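Enquirer: just a sequence and a predicted model for now, questions to come.
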Amino acid sequence: MRSGSAEEPHDSEHRDGAPGEAAPNRKSKGKKKSSFWVELPILIVTALVLTVLIQAFLARVYVIPSQSMEQTLHGCTGCSNDRVLVDKVSYRFSDPEPGDVVVFRGPQPWVQNEFIAEKSPNPVVGFFQGAASLLGFGAPDEKDFVKRVIATGGQTVECCDAQNRVLVDGKPLNEPYVYWEPGRGVGQDEFAPVTVPPGHLWVMGDNRNDSADSRVQGGGGINGAVPVDNVIGKAQVIVLPPTRWQSIPEPNPQSQALGAPAWQHGLPLGVGFAAAFPAVWAGRRLLGAASKRRHSE
């Protein structure tokens, strides 16, 4: 009996100890699960904040809303429009140049002549529309436009010469990106010479016969020019849909028309190579002479 009664406390301690040992494990697992659900909202909020900051200061995704930039950028009613990544950093160090595809806030003459989709009057719907736009999933500010830079401040632009080419400072442009929409003809509407005001840009759509741009906005003339300060950024790549992933071509239409002949563009590189050989030879001679002088000493 004594031996039996003496063994019972021992067994009881063993049984009590087993649950005691398992309990901390259950508690640690519970803490891990609870900490995950606590950290998850923090991670989501952090990701959203970073997304907003990146799109506000570095780059943003914009939806192409119309056909004015076909076929460089795809946009049409009822289809899957291109979404482009717009770089907001480049123009902090330099101004837009001819050939650049830019997104800009429409100046007053543009806004008053353009259909602007209004946001929902419902505050809840309006909030989600704004949030979707800010995160790049919805249409951006409907007062934003995308066009190609044709001329910059101080240059005179007009249309057209006998070969239906736009002229800048009296010289024809080379525009391989121009698209002639079937059934709309291949002739551009003529317009009188316009000298672009300083600090402004003359912009046009690649779909030349289906683009409301500097030629017509504000009645045309200098009213159609866009202030450089209105430029939001430079369109760099098409990010959606996946089948359209590609960089956006931005050839300078003035490079061949206003610059040197094509063979001369390689002249600086050729001069650099030519100058490199005597420079290397002279450097070796100097090193050799210095080495002989040290050995003689």
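Expert: Perfect, I can see it now.
Enquirer: which residues are in contact with stretch 151-166?
Expert: Here stretch 151-166 makes contact (Cβ atoms under 8 Å, 6 or more residues apart in numbering) with 95-98, 150, 167-170, 172-173, 175, 186-202, 204, 215, 228, 253-254. From N, CA and C alone the C-beta is placed, and that goes for glycine too.
Enquirer: can you tell me which of these are in helices?
Expert: The members of the contacts of stretch 151-166 all map outside helices under DSSP state H.
Enquirer: show me where the stretch 51-200 of the chain dips below the pLDDT cut-off.
Expert: 51-58, 113-142 (pLDDT under 70).
Enquirer: and with 90 instead?
Expert: Within the stretch 51-200 of the chain, the segments meeting pLDDT under 90 span 51-66, 75-80, 89-90, 92-93, 108-144, 181-189.
Enquirer: show me the strands in it, by range?
Expert: Counting by DSSP state E, counting those that start in this stretch, the stretch 51-200 of the chain has strands at residues 59-63, 83-87, 101-105, 144-152, 156-159, 166-168, 171-172, 191-195, 200-204.
Enquirer: looking at those, which is closest to Pro41?
Expert: Distance to Pro41, taken as Cβ to Cβ, is lowest for strand 59-63 among those, at 24.6 Å.
Enquirer: the closest one packs against which elements?
Expert: Judged by 3 or more Cβ pairs under 8 Å, 6 or more residues apart in numbering; DSSP states H and E, the packing partners of strand 59-63 are strand 83-87, strand 231-240.
Enquirer: mean neighbour count and distance to Arg60 added to those strands, as TSV?
Expert: Compiled in TSV, these are given as follows (neighbours: other Cβ atoms under 10 Å; distance: least, Cβ to Cβ, whole Å):
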stretch	mean neighbour count	distance to Arg60
strand 83-87	21	5
strand 231-240	20	7
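Enquirer: how long is stretch 96-112 end to end?
Expert: In stretch 96-112, first residue to last residue: 25 Å (Cα to Cα, to the nearest Å).
Enquirer: apart from its chain neighbours, what residue comes closest to Val228?
Expert: Leaving aside its chain neighbours, Val228 sits nearest to Gly199 (5.3 Å; criterion: Cβ to Cβ, 6 or more residues apart in numbering).
Enquirer: check the burial of that neighbour by counting its neighbours.
Expert: 13 (other Cβ atoms under 10 Å).
Enquirer: how close does it sit to Pro107?
Expert: Distance of Gly199 to Pro107, given as Cβ to Cβ, to the nearest Å: 12 Å.
Enquirer: find the residues that touch each one of these two.
Expert: The contact lists of Gly199 and Pro107 share Pro227, where a contact means Cβ under 8 Å, 6+ apart.
Enquirer: can I get the helices and strands packed on strand 59-63 in JSON lines with distance to Thr77?
Expert: Formatted as JSON lines, the helices and strands packed on strand 59-63 follow (distance: least, Cβ to Cβ, whole Å):
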{"stretch": "strand 83-87", "distance to Thr77": "16"}
{"stretch": "strand 231-240", "distance to Thr77": "18"}
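Enquirer: which of the ones you listed sits closest to Val111?
Expert: Judging these by Cβ to Cβ, what sits closest to Val111 is strand 231-240, at 14.7 Å.
Enquirer: so which of the helices and strands packed on strand 59-63 gets nearest Trp37?
Expert: Trp37 lies closest to strand 231-240 among those, at 32.0 Å (Cβ to Cβ).
Enquirer: how about Asp95, nearest residue that isn't a chain neighbour?
Expert: In space, and not counting its chain neighbours, Asp95 is closest to Val228: 5.9 Å by Cβ to Cβ, 6+ apart.
Enquirer: now for that neighbour: which residues touch it?
Expert: With Cβ under 8 Å, 6+ apart, Val228 has these contacts: 95-96, 153, 199-201.
Enquirer: show me how to select, in ChimeraX, the buried members of those residues.
Expert: Here is the ChimeraX command that selects the buried residues among these (16 or more other Cβ atoms under 10 Å):
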select :96,153,200,201
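Enquirer: distance to Ile238 added to the contacts of Val228, as JSON lines?
Expert: Output for those, formatted as JSON lines (distance: Cβ to Cβ, whole Å):
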{"residue": "Asp95", "distance to Ile238": "24"}
{"residue": "Pro96", "distance to Ile238": "19"}
{"residue": "Gly153", "distance to Ile238": "29"}
{"residue": "Gly199", "distance to Ile238": "30"}
{"residue": "His200", "distance to Ile238": "27"}
{"residue": "Leu201", "distance to Ile238": "22"}
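Enquirer: nothing else from me, thank you.
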